[in-house]
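Student: need coordinates for the below:
(chains A and B)
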Protein chains: 2
Amino acid sequence: MNTTEQKYAEMITLLKEVKCLGSIGAVLGWDERVMLPEHGAAYRAEQNSLLAKLVHEKFTSPRVGELIESLAGRWTDQPASEQAVNVREAKRAYDRETKLPSSLVVELSKTEVLAQQAWAEARKTNEFATFAPWLEKTLGLLRQKAACIAPDKPAYDVLLDQFEPDETAANLRTVFETLRAPLVELVGKIGACGRPAPLEILERTYPPDAQERFAKQAARAIGFDFAGGRLDVSLHPFSSGIAPGDTRITTRYDPNYFGDAFFGTLHECGHAMYSQGLPLEHFGTPRGDDVSLGIHESQSRMWENLVGRSRGFWTFFLPKAREAFPDALKGVNDQDWYRAVNDVRPSLIRTEADEATYNLHVLLRFEIEQDLLSGNLNVNDLPAAWNEKMKHDLGLTPPDDAHGCLQDIHWSGGAVGYFPTYTLGNLYAAQFFEQARKDVGDLDAMFARGEFAPLLAWLRKHIHTHGMTYTATQLVQRVTGTALSARPLLDHLNARAKDVYGV
Amino acid sequence: MNTTEQKYAEMITLLKEVKCLGSIGAVLGWDERVMLPEHGAAYRAEQNSLLAKLVHEKFTSPRVGELIESLAGRWTDQPASEQAVNVREAKRAYDRETKLPSSLVVELSKTEVLAQQAWAEARKTNEFATFAPWLEKTLGLLRQKAACIAPDKPAYDVLLDQFEPDETAANLRTVFETLRAPLVELVGKIGACGRPAPLEILERTYPPDAQERFAKQAARAIGFDFAGGRLDVSLHPFSSGIAPGDTRITTRYDPNYFGDAFFGTLHECGHAMYSQGLPLEHFGTPRGDDVSLGIHESQSRMWENLVGRSRGFWTFFLPKAREAFPDALKGVNDQDWYRAVNDVRPSLIRTEADEATYNLHVLLRFEIEQDLLSGNLNVNDLPAAWNEKMKHDLGLTPPDDAHGCLQDIHWSGGAVGYFPTYTLGNLYAAQFFEQARKDVGDLDAMFARGEFAPLLAWLRKHIHTHGMTYTATQLVQRVTGTALSARPLLDHLNARAKDVYGV
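Tutor: Residues are numbered from 1 along each chain as shown, chains lettered A, B, ... in the order given. This next block holds a predicted model:
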């Protein structure tokens, strides 16, 4: 064994220990949102902070830094090798974690707690002024953070990099601009066609226990592995790839609405099947980790929208839905159901938006958060800017800020640069799906026969199994032969609009 | 602030951090038994062992030892002060944890895993010979362990001390001997009375969801706080006082048997209400911890047997049971139900034994494990010794070792000195209950009105709130004015037998 090999092995051991502690934190996090008794919350915060401290101490120890530094120049001739990937990404994470002075870390963490409280209060009372000073303070700290990590890069890019490594605002602006106008046009055409989807079908009585059985049936059918996972209930649905063989998703059943729980489950299944498809033997190292939020979201959006709202999917599942919900679906024909689950119409709230208008919500936030961070937009002018953009792109005016610029938690938690990953997910999903169709064949016909394994196998082979070997940009180029593009998503949305609305 | 105070404060901070890590382990442990997907087991073992290593490292650090050593002589004039209690018990735990060479710790831990596998295999195949060499090896390691911890004390006492601090085998032998003969006589009289309990009533159809509602109703009524706890399902029922505001119990519902889940829930509630009654502000230090397994078991046995099988309890709950299980309880009169839940008869399996014969199972194990440890009994002669004692005390001969000396997991895991705490629990329960009746008044009449709070308040005041301030021996003396005694348990069992069987 030579020295380089020994050092690499030591680095891997340390990274795996850090991840093991992190995975313990993931168990606590799942438990907190799904199981924790009310009075256990205060002490759980102490457990979380002790564990976070241990993770930070272990990962930022000088020894980890020495190992990464001395390995950083190696394997550059084999950039896709396990070693190169692990060193590259460990260095990225280490730099991110060690470049902030601890005073700034403490200040960010305290501000996050207080800003979220202020945001919650502001949203409840419709008083933007309650949140404004906290947003101002948060933006100031984020500018400092970006300057500490990479003073030579645009601040927004540095923040974006936390969620979408190596992506840039300039690139996103270019691609998103090619998406906006055709999307606004499409939404307008659907609205003008005079044949709104019969949404009332989805608002009938759907007993929660029947919804749960049906959601589990669908999850199992598309490939979620229940021997290595669970589906439970929580207030806010999420997916957590806790550890090898332990990936958990949640949903929430509304007895008077079919959509949220079912499509939410498909969405979380998409995330979870990505986690379940990562290479187990590399768990705890970047080689076994997911690429980025955008790639993660491409998996959830693909299963939720491209698969879960397709004709083929419902050819197979509607008969089963009729068995599960005989009362609600009495007298509903296939076409009405298909139109109901593919409703497209402008709305005020991002989380309730359909697969087309959703992106307009994201584009608006992407622009605003860049302007806020750069100082081009004054915090006090945020509500007006928000409402103006809503009017321009979606034709709606929020009745108040709770339905406008106060609706999302992200900025209050310091998550600037996060929103674009949602639309990135939609774009990548459409690009990957288009390629899968080329490679695998008539996916819709397969779905109609209940065959979802060919698509999942394709995703495993081309995306999941590579872990962080490629950045998102590299991956989409490698898998589809082209860079990030709005064209496949627009093609998909146009084709579906034509099929559903005849426009 | 003087130096002693600073050192004490530092010791407390360190102990609380150790306990915080331990409580994270408790979340993992609960999750493993209640929630963990099948394929998550392997990685969970890695999480557990990393956490155990961190706990051990933190607690056995030289700094903890220095602090304890320098504080050990203080506050001896106020032995019930918070400081004296915390230093005394921290020292006990520290000595226990640091006196073993790490080679022995590793050997014990490895042997435990393999011995449990061998035991499970032996029980499955009814081959004692498969387990014998592992039991032999375990006993050898336990003798070494005892010699490392306290070479001047009898080995059995050293092992017993882990579960029941300061208790001795000599004392238990004396008390247990006064229990045995009257108990054998009582069981004989009940068997001879010719009026066996109508057990068939409990073996009717009890739908699990109705059982769960009824168990939760009872748990809530006797005082289990669901805002600070949960009741879930697991293969083996348990209680876990994870953290302040987070105490969880489990049970298992057999659709064709009422007894296990219901009395099991009351039992676990007893443990859990003790955890919920410990002083929160001292969580993480001995002052806020439970006294011993025997005292813990006194709480579970009291609620399960002295309360849960009493006339008053069923005066209040039988009408509710009739609502919950209208089919099963059709035509069942009060007296038959009362007799069914108070069945006493010799049986082969400890975990299925009634409140009277249970102690004979324990006495047998207590004698045998002392003889095994001392070498007075050869491992190969264990099955014969077991069967002889079963015949002598319970009048039964096991058909095979799976129903005899292989039925319990304890010895395979190195838990020698554990069994007597079960009967200690029964003895303490009867002693405490007798005193509570003197102090609080007619408990049975209160139970009949659904009033359980007065008993719980008495337990909180006299037992729970003191944490580890007193050892079990001191506590029973302080609360009841007498030392450990078999008399109150025998009085209780005799009175109940007279009431139920007229003997």
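
Student: need the contact list for residue A:237.
Tutor: For residue A:237, the contacting residues are A:249, A:250, A:251, A:252, A:264, A:265, A:267, A:268, by CB atoms under 8 Å, 6 or more residues apart in numbering or on different chains. No exception for glycine: its C-beta is placed from N, CA and C like everyone else's.

Student: which SS class is it?
Tutor: Look at residue A:237: counting by DSSP: H, G, I helix; E, B strand; the rest coil, its state is coil.

Student: burial of residue A:392, as a residue count?
Tutor: Residues near residue A:392, counting by other CB atoms under 10 Å in any protein chain shown, number 11.

Student: sorry, back to before: which one of the contacts of residue A:237 is nearest chain B?
Tutor: Minimum distance to chain B across these is 11.4 Å, recorded for residue A:249 (CB to the nearest CB).

Student: confirm that closest one sits in a helix?
Tutor: No. Judged by three-state DSSP, residue A:249 forms no part of a helix; its state is strand.

Student: what's the per-residue pLDDT of it here?
Tutor: pLDDT recorded at residue A:249 is 98.

Student: I'd say it and residue A:266 touch.
Tutor: No. Counting by CB atoms under 8 Å, residue A:249 does not reach residue A:266; the two are 10.1 Å apart.

Student: shared neighbours of those two, anything?
Tutor: In contact with both residue A:249 and residue A:266: residue A:219, using CB under 8 Å, 6+ apart.

Student: so between these two, which is more surrounded?
Tutor: For residue A:249 and residue A:266, the more surrounded residue by other CB under 10 Å is residue A:249, and the numbers stand at 28 against 24.

Student: quick one, what contacts the more buried one?
Tutor: Counting by CB under 8 Å, 6+ apart, residue A:249 touches A:219, A:224, A:229-232, A:237-240, A:265, A:268-269, A:271-272.

Student: quick one: it from residue A:432, how far?
Tutor: Residue A:249 sits at a distance of 21 Å from residue A:432 (criterion: CB to CB, to the nearest Å).

Student: related to what we said a few turns ago, quick check on the contacts of residue A:237: which are buried?
Tutor: A:249, A:250, A:251, A:264, A:265, A:267, A:268 (16 or more other CB atoms under 10 Å in any protein chain shown).

Student: stretch A:405-420 spans what distance, first to last residue?
Tutor: Start-to-end span of stretch A:405-420 (CA to CA, to the nearest Å) is 16 Å.

Student: quick check: buried residues in it?
Tutor: Quick answer for stretch A:405-420 (16+ other CB under 10 Å): A:405-408, A:411-420.

Student: make CSV from those residues and add secondary structure to it.
Tutor: CSV is the format used below for these (three-state DSSP):
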residue, secondary structure
A:405, coil
A:406, coil
A:407, coil
A:408, coil
A:411, helix
A:412, helix
A:413, helix
A:414, coil
A:415, coil
A:416, coil
A:417, coil
A:418, coil
A:419, coil
A:420, helix
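
Student: and which of those is nearest chain B?
Tutor: Set against chain B, the nearest of the buried residues of stretch A:405-420 by CB to the nearest CB is residue A:413 (23.7 Å).

Student: what sits against the closest one?
Tutor: Shown in contact with residue A:413 (CB under 8 Å, 6+ apart): A:112, A:115, A:116.

Student: picking up where we left off before, most widely separated two among the buried ones among the contacts of residue A:237?
Tutor: The span of these, defined through CB to CB, is set by A:250 and A:267 at 11.2 Å.

Student: how about the helix or strand encompassing residue A:437: buried residues?
Tutor: Secondary structure from DSSP states H and E places residue A:437 in helix A:420-440. Using 16+ other CB under 10 Å as the test for burial, helix A:420-440 gives A:420-436.

Student: need the three-state assignment for residue A:230.
Tutor: With three-state DSSP as the basis, residue A:230 sits in strand.

Student: wait, what's in contact with it?
Tutor: A:248, A:249, B:35, B:37.

Student: again, 6 Å this time
Tutor: Contacts for residue A:230 were tallied using CB atoms under 6 Å, 6 or more residues apart in numbering or on different chains; they are A:248, B:37.
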